[in-house]
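# mind folding the following:
(one chain, ligands or ions: 1)
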Amino acid sequence: AGPTREPIDPVRFLSNRSSGKMGFALAQAAQRRGAAVTLVTGPVALADPWGIDVIRVTTAEEMAAAVLGQAPAMDVIIKSAAVADFRPASCQSLKIKKTNQGLRLDLIKNRDILAELGHRRQPHQVLVGFAAESHDHLSEGQRKLREKNLDLIVVNDILGSETGFDVATNQVTLIGRKEIHPLPLLSKEATADRILDRVVTLLGEKAIKE
Ligand code: CTP
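Numbers count the residues shown, from 1 in each chain. Coordinates of the predicted model:
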């Protein structure tokens, strides 16, 4: 859940507007259904939910280490975090002082945690990703589903005023290998339950195949 923070110097970082609400709602909904839940979260202003193991991380690298370390023991992995795609090439140890010139930041690419999960996925595992989109929602969702080897992707419109980042509601489309389910505008808690309904079906389908 949540954003990651990529440090620039001792006081500054690159991040995004993710609040962690969707990921926390998913963790709580899964716990209520009887799952043993581990929640890996970036920096958010939300308290640890009851009955859930919480691992707090800051950077994308720390999130990758925590998530990939936990992954082999999991039946279901849901990647709702807004991981920073890039980080500053180096973090200055002293505060960057202003000069009369502009400032150029060199960025390097972070690893794609979800794609790595997809490549290492065990046959019984259900892997769910999110897609934060401002345009071409369905085709981008389908591309990420395929390229990251997912069972399900939750496509979010980040430009809507009641959907996406840092609001209480969401309006998403669930895209699976064979189907597309647009959901109505719902609270993030109700959206979490609809995603988990689909996850339960996928778990059942995999159990039959085994
Ligand atoms: N994700 C990840 N690691 C990254 C970037 C993204 O695990 N370094 C995951 C997100 O948690 C999400 C999914 O990949 O489940 C899609 O994230 P999104 O930001 O929509 O897509 P990107 O793959 O980063 O592509 P783009 O930003 O170009 O749309």
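# how far is the longest helix along the chain from where the chain is centred?
Criterion DSSP state H: the longest helix present in the chain is helix 188-209. Averaging C-alpha positions (Cα atoms, centre = their mean, to the nearest Å) puts helix 188-209 17 Å from its chain's average.
# show me what that helix is packed against.
Other elements packing on helix 188-209 under the criterion 3 or more Cβ pairs under 8 Å, 6 or more residues apart in numbering; DSSP states H and E are helix 21-32, strand 76-79, strand 126-133, strand 152-157, strand 169-170, strand 172-176. To be clear about C-beta, it is placed using only N, CA and C from the backbone, and glycine gets the same treatment.
# avg pLDDT for it?
Helix 188-209 shows a mean pLDDT of 95 in the predicted model.
# who's in contact with the residue lying closest to residue 187 once chain neighbours are set aside?
The shortest distance from residue 187 to any residue other than its chain neighbours is 5.8 Å, reached at residue 169 (Cβ to Cβ, 6 or more residues apart in numbering). Listed by Cβ atoms under 8 Å, 6 or more residues apart in numbering, the contact set of residue 169 reads 162, 163, 185, 186, 187, 188.
# okay, residue 169: pLDDT?
For residue 169, pLDDT reads 89.
# try residue 100
pLDDT, residue 100: 87.
# so what does the closest residue to residue 14 other than its chain neighbours have for phi and psi?
Distances taken as Cβ to Cβ, 6+ apart put residue 6 closest to residue 14, at 4.5 Å, once the chain neighbours are dropped. Main-chain dihedrals, residue 6, degrees, to the nearest 10: phi -110, psi 110.
# likewise for the one 4 residues further on?
For residue 10, the backbone dihedrals are phi -60, psi -20 (criterion: degrees, to the nearest 10).
# least confident secondary structure element in this protein?
The helix or strand of the chain with the lowest confidence, counting by mean pLDDT, DSSP states H and E, is strand 169-170 at a mean of 88.
# list the neighbouring strands of that strand plus their orientation.
Sheet pairing for strand 169-170, assigned by DSSP bridges, gives strand 186-187 (antiparallel).
# so which bits of the chain are right by the ligand?
60, 79, 81, 83, 85, 110, 112-114, 129-132, 144 (Cβ under 6 Å from any ligand atom).
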